[in-house]
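In: Sequence below, structure please.
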Amino acid sequence: MGGPSAEREVSLSSGRECADALRVAGYDVVEIELGKDRGGDIAARLVDARPDIVFNALHGRWGEDGCVQGVLEWLGLPYTHSGVLASAMAMDKTVAKRAFRDAGLPVVESLIADAAEVCRRHVMVPPYVVKPNDEGSSVGVYIVHDGANQPPQLSQSMPARVMVEAYAPGRELTTTVLGDRALGVTEILTDGWYDYDAKYKAGGSRHVIPADIPDQITRACLDYAVRAHDALGCRGLTRTDFRWDEARGLAGLILLEVNTQPGMTPTSLAPEQAAHAGIDFPALMRWMVEDALCRS
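Out: Take a look at the predicted model:
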């Protein structure tokens, strides 16, 4: 847990919650907190710990994009969540969208542009969204609304090239996949946009499960989430996010992204959906450990 990404604090919170639940489930747990130096001595620390399995509670780049998964493969250690290729594909939003489109799943149009060009002019007709191509947790996201006179002024921390995608209006929906099973659909309610604070601060958002939506949309979310999970070659637990414009019916349901390592904090959605499906948090941890061990 921890690591060098912009989601370090979320990872630390997830890691502590998972470690506590794993102990309740009966496992001996060693917590390995990584610093901000892109891994440092992780290989030596893992060799010293001699784990039967690694529970990966890292988020963001390096921990979620196939890098640490490659280290674990090299060490021959079983680990939770998706493998190297699926993790890398899911983190690269352009590659993931291509896989979703090839699988017949609905996504919005997007392009990759120089950040400097995005600051100079509208590279897409508003409304649109600008974000890093390989970050999560709504880190570095700019919304350019319809009728905006000026292009967005991106911060210096944004990468040199960014993703620009058409804005998908509507309600926020999400579905967790456990293995080959979609657990349910949650609607996320906020007073504004579902940003980093809304995701992780207590009271930042409200979750309605099951979502109060038509059966057709529920079935589509469940189906699309499993198909997206499979299109990337994911394993274990993932969470797929959607936007639904109810005025357009099924045509208004858009798949945004697949999270290969969704948050496991007290306000996180995947544990909440599992609990609604009758799987408490320690049981969810046990399922993930056993799933990884069986794959090894």
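In: and the closest residue to Glu272 other than its chain neighbours, how many residues sit next to it?
Out: Spatial nearest neighbour of Glu272, chain neighbours left out: His207 (6.1 Å); criterion: Cβ to Cβ, 6 or more residues apart in numbering. C-betas here are computed from N, CA, C, even on glycine. His207 is flanked by 17 other residues according to other Cβ atoms under 10 Å.
In: Quick check: beta-bridge partners of the spatially most central residue of the chain?
Out: Nearest to the geometric centre of the chain sits Asn259, at 2.4 Å (Cα atoms, centre = their mean). Listed beta-bridge partners, Asn259: Arg239 (assigned using DSSP bridges).
In: I figured it was touching Gly236, is that so?
Out: No. Asn259 is beyond contact range of Gly236, at 11.8 Å (criterion: Cβ atoms under 8 Å).
In: helix/strand/coil for the closest residue in space to Gly26 that isn't next to it in sequence?
Out: Residue nearest to Gly26 in three dimensions, not counting chain neighbours: Arg286, with 7.9 Å by Cβ to Cβ, 6+ apart. When classified by DSSP: H, G, I helix; E, B strand; the rest coil, Arg286 comes out as helix.
In: measure Arg286 to Glu135 for me?
Out: Going from Arg286 to Glu135 by Cβ to Cβ, to the nearest Å gives 31 Å.
In: between those two, which one's more packed in?
Out: Between Arg286 and Glu135, Glu135 has the larger neighbour count (other Cβ under 10 Å), namely 23 against 18.
In: now Val130, what's its secondary structure?
Out: Quick answer, by three-state DSSP: Val130 is strand.
In: my bad, Leu183
Out: Quick answer, by three-state DSSP: Leu183 is strand.
In: burial count for it?
Out: Leu183: 24 neighbours (other Cβ under 10 Å).
In: How about the contacts made by it?
Out: With Cβ atoms under 8 Å, 6 or more residues apart in numbering as the criterion, the residues that contact Leu183 are Thr175, Thr176, Val177, Gln273, Ala274, His276, Ala277, Ile279.
In: Surely the second one forms part of a helix?
Out: No. Note on Thr176: no helix contains this position according to three-state DSSP, which reports strand.
In: residues near it, how many?
Out: Counted with other Cβ under 10 Å, the neighbours of Thr176 add up to 28.
In: you'd agree it is up against Arg239?
Out: Yes. Look at Thr176 against Arg239 with Cβ under 8 Å: they come within range, at 4.9 Å.
In: Touching both of those two, which residues are there?
Out: Pro262, Leu269, Ala270.
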